[in-house]
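*Asks:* predicted model, plus sequence, below.
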Protein chains: 2
Amino acid sequence: MAKTPSTPITDHLAYLLAQANREINRQLDARFKKEGVPVEQWRILKVLSDGKGHSMGDLAEAVLLNHPTLTKMVDRMVSDALVYRVQDPDDRRKVVMFMSDRGKTLTHRLNALALSQEAHIAENYGNKATADLKRLLESLIEKAN
Amino acid sequence: MAKTPSTPITDHLAYLLAQANREINRQLDARFKKEGVPVEQWRILKVLSDGKGHSMGDLAEAVLLNHPTLTKMVDRMVSDALVYRVQDPDDRRKVVMFMSDRGKTLTHRLNALALSQEAHIAENYGNKATADLKRLLESLIEKAN
DNA sequence: AGGAAAATGTTGAATATTCAACGATTCCCG
DNA sequence: CGGGAATCGTTGAATATTCAACATTTTCCT
């Protein structure tokens, strides 16, 4: 009378996603290390790159952080003079975030590091596999909502 | 003279992985909510399901947590009488973790919830897409090491 | 054998995240 | 118009995670 074996955890999509995410994120973080910037801050900077202002709500959504966490992270970035807040004149509840010049030059350096990681992945994982994976992930994200 | 547009953040594999992981994890957490157990604890229980003892080091690796975080999470699980520690007689530095009966019955309930999530995903994402995605993720993880 | 180095797990302090509640503003609709 | 409900962002307390240092035990080297 055997125990029910149940599927190993490595068969679960949730686990594979967590594992892959952790690994890729760790590698990216290692590259950002010398700039002393966590991945989340790069995401924020990247979203602000378009020069249009973004509200905290927009940002939180875009960078996958919940509101209080974002507020405190932005506080740190303001201290580091990477970004700044402006009150939205059209809706005074809102805050509009912009990037400083210092933030812009940092963003360029971070983008280069991120692109080099992408290149490295594409290189020994394959262009096709990378493209396929991205497509599947996009589709999953879309369906999940 | 246009600004360099730079690739949007949604093009980066690292971002897509983070987004997909967050979404799937959130859904799973919602299902576990009524049991009051975070996903990480389910992972621990699942790994311990084989009845063989696992050292803290093994566990940390398997459940994607670093050592101090795992120690404290296991402390909580010991308080909840889900797992218990035994000193390894062969190597007295080591601790071997086991699951209690209470842990076992909880694990069954959690497994059912997790499987129902997998079924739900497969249903409106497609069996083929799910299988392809899993395969690509496994391969990425392998290559990344 | 003996002692330096490595491995294992835990601890305490520093840091970061989350939750609930709040203050301010705007929206809605009777 | 007026006032209750919703939205937006922040705050403070509670919780969780991380980092560095540590104690213990084992391994390795000579």
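*Replies:* That came through fine.
*Asks:* run through the residues that contact the residue nearest the centre of chain A.
*Replies:* In chain A, the residue lying closest to the centroid (C-alpha atoms, centre = their mean) is residue A:43, at 4.4 Å. Contact analysis of residue A:43 by C-beta atoms under 8 Å, 6 or more residues apart in numbering or on different chains lists A:62, A:63, A:64, B:9, B:15. C-beta coordinates here come from the backbone N, C-alpha and C atoms, glycine included.
*Asks:* among those residues, which are located in helices?
*Replies:* Using DSSP state H to define helices, the subset of these located there is A:62, A:63, B:15.
*Asks:* low-scoring pLDDT stretches of chain A, where are they?
*Replies:* Filtered on pLDDT under 70, chain A yields the residue ranges A:1-5, A:145.
*Asks:* the helices in it, which residues?
*Replies:* For chain A, the helices defined by DSSP H cover A:13-32, A:39-48, A:56-63, A:67-79, A:101-125, A:127-143.
*Asks:* out of the ones you listed, which is closest to DNA strand C?
*Replies:* Each of the helices of chain A has some distance to DNA strand C by C-beta to the nearest atom of the strand; the shortest is helix A:67-79, at 3.3 Å.
*Asks:* near DNA strand C at all, stretch A:47-59?
*Replies:* No. Judged by C-beta under 7 Å from any atom of the strand, stretch A:47-59 makes no contact with DNA strand C; its nearest approach is 10.9 Å.
*Asks:* go through that stretch and flag the buried ones.
*Replies:* A:47, A:48, A:49, A:53, A:54, A:56, A:59 (16 or more other C-beta atoms under 10 Å in any protein chain shown).
*Asks:* that older thread, among the contacts of residue A:43, which ones lie close to DNA strand C?
*Replies:* Here nothing survives when these are matched to DNA strand C using C-beta under 7 Å from any atom of the strand.
*Asks:* circling back to that earlier point, now render the buried residues of stretch A:47-59 as TSV, adding distance to residue B:92.
*Replies:* What follows is those, written out as TSV (distance: C-beta to C-beta, whole Å):
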residue	distance to residue B:92
A:47	52
A:48	54
A:49	55
A:53	60
A:54	56
A:56	52
A:59	51
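*Asks:* chain B next: which of the residues you listed are close?
*Replies:* A:47, A:49 (C-beta under 8 Å from any C-beta of the partner chain).
*Asks:* make TSV from the buried residues of stretch A:47-59 and add distance to DNA strand D to it.
*Replies:* Listed next are the buried residues of stretch A:47-59 as TSV, based on distance: C-beta to the nearest atom of the strand, whole Å:
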residue	distance to DNA strand D
A:47	13
A:48	13
A:49	18
A:53	10
A:54	8
A:56	3
A:59	8
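*Asks:* and the furthest pair within the buried residues of stretch A:47-59?
*Replies:* Farthest apart among the buried residues of stretch A:47-59 by C-beta to C-beta are A:49 and A:56. That separation is 17.0 Å.
*Asks:* what's the separation between the residue nearest to residue A:37 when sequence neighbours are not counted and DNA strand D?
*Replies:* Spatial nearest neighbour of residue A:37, chain neighbours left out: residue A:110 (6.4 Å); criterion: C-beta to C-beta, 6 or more residues apart in numbering or on different chains. Between residue A:110 and DNA strand D the distance is 18 Å, computed by C-beta to the nearest atom of the strand, to the nearest Å.
*Asks:* tally of neighbours for residue A:110?
*Replies:* 21 (other C-beta atoms under 10 Å in any protein chain shown).
*Asks:* what of residue A:111?
*Replies:* 18.
*Asks:* good, wrapping up.
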